[in-house]
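> the sequence and its predicted three-dimensional model are supplied below.
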Amino acid sequence: MTHTLIGYARCSTDKQDLAAQQDALLKLGVAADRIYTDKGFTGTNRNRPGLDQALAAVRNGDMLVVPKLDRLARSVPDARAIGDSLAARGVKLQLGASVHDPSDPMGKLFFNILATFAEFEADLIKLRTREGMAVARAKGKLRGKKPKLSDRQQKELRRMYDTGDYSISDLADLFSISRPTVYRTLRRQPVTSVMAA
């Protein structure tokens, strides 16, 4: 019986590129139209539409292929739930070049060990980031994020918004910033005299 390879790739932010992961999956034999992706979703966020589609696509005898375990899950309970779900459906899991059968006791043990390391690594990164920020703050080097727009740009954004001719999305595109940044800028800037005109 031939089995289908279903691929999954994920990156946490919109700025990161999925190309390297997709190339790795293609090299592992996954067809381009069988690769499901999530962009801008963290591993700790279980609401990942691309992952849900990939899990829905695999059938008994198929193989779910992921470049690395931390792309699939960042916590042990999440990894275990996914592994149990695959095992119940007779689906094998391939992490990079290594194939794991979640229904096999050794495969299950190895998968759980990998999941524990992935979660531990994620926690270490968070801890190092917090420690680094605390040290920088103590040295007076961390004063919050610099505004993405200059004072003049912020005033202009407020003026354009107050004319009523531009939507939040328009302004986000025009200034190459995110919608939340537009909202924050509007909150900081007083209403311009355009409203009174």
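The structure has been received and is ready for your questions.
> rest of the way, CA atoms for contacts and neighbours
OK.
> per-domain residue ranges of this protein.
Listed domain ranges for the chain are 5-121, 151-192 (source: automatic domain parsing).
> next SSE after the least confident helix or strand in the chain by mean pLDDT?
Sorting the helices and strands of the chain by mean pLDDT, DSSP states H and E puts helix 105-138 at the bottom, at a mean of 75. Per DSSP states H and E, the first helix or strand lying C-terminal to helix 105-138 is helix 151-163.
> buried set for the least confident helix or strand of the chain?
Gly107, Lys108, Phe111, Asn112, Leu114, Ala115, Thr116, Phe117, Ala118, Glu119, Ala122 (16 or more other C-alpha atoms under 10 Å).
> longest strand in the chain, please.
Taking DSSP state E as the criterion, the chain has its longest strand at strand 5-11.
> sorry, back to before: check which helices and strands the least confident helix or strand of the chain sits against.
Contacts defined by 3 or more C-alpha pairs under 8 Å, 6 or more residues apart in numbering; DSSP states H and E place helix 105-138 against helix 69-72, helix 76-88, strand 98-100.
> can I get these in a markdown table including distance to Asp173 and mean pLDDT?
Formatted as a markdown table, those follow (distance: least, C-alpha to C-alpha, whole Å; pLDDT from 0 to 100):
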| stretch | distance to Asp173 | mean pLDDT |
| --- | --- | --- |
| helix 69-72 | 30 | 82 |
| helix 76-88 | 36 | 84 |
| strand 98-100 | 43 | 82 |
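> turn those into JSON lines, including distance to Cys11.
Output for the helices and strands packed on helix 105-138, formatted as JSON lines (distance: least, C-alpha to C-alpha, whole Å):
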{"stretch": "helix 69-72", "distance to Cys11": "7"}
{"stretch": "helix 76-88", "distance to Cys11": "17"}
{"stretch": "strand 98-100", "distance to Cys11": "21"}
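> Lys39: which of those is closest?
helix 69-72 (11.0 Å; C-alpha to C-alpha).
> which residues touch that closest one?
Residues from elsewhere that reach helix 69-72 (C-alpha atoms under 8 Å, 6 or more residues apart in numbering): 8-11, 43, 51, 66, 79, 95, 114-115, 118-119.
> of those, just say which sits nearest to Asp101.
Nearest member of the contacts of helix 69-72 to Asp101, counting by C-alpha to C-alpha, is Leu95, at 10.9 Å.
> correct me, but the closest one touches Ala73?
No: using C-alpha atoms under 8 Å, Leu95 is not in contact with Ala73; the gap is 11.8 Å.
> low pLDDT regions in the protein?
1-2, 13-16, 41-46, 74, 102, 141-147, 193-197 (pLDDT under 70).
> try 50 this time
195-197 (pLDDT under 50).
> which of the domains of the chain sits most buried?
domain 5-121 (a mean of 18; mean count of other C-alpha atoms under 10 Å).
> now do the phi/psi pair for the residue lying closest to Lys148 once chain neighbours are set aside.
Spatially, and ignoring its direct neighbours in sequence, Lys148 is nearest to Ile177 (7.6 Å; C-alpha to C-alpha, 6 or more residues apart in numbering). Dihedral pair for Ile177: phi -130, psi 170, per degrees, to the nearest 10.
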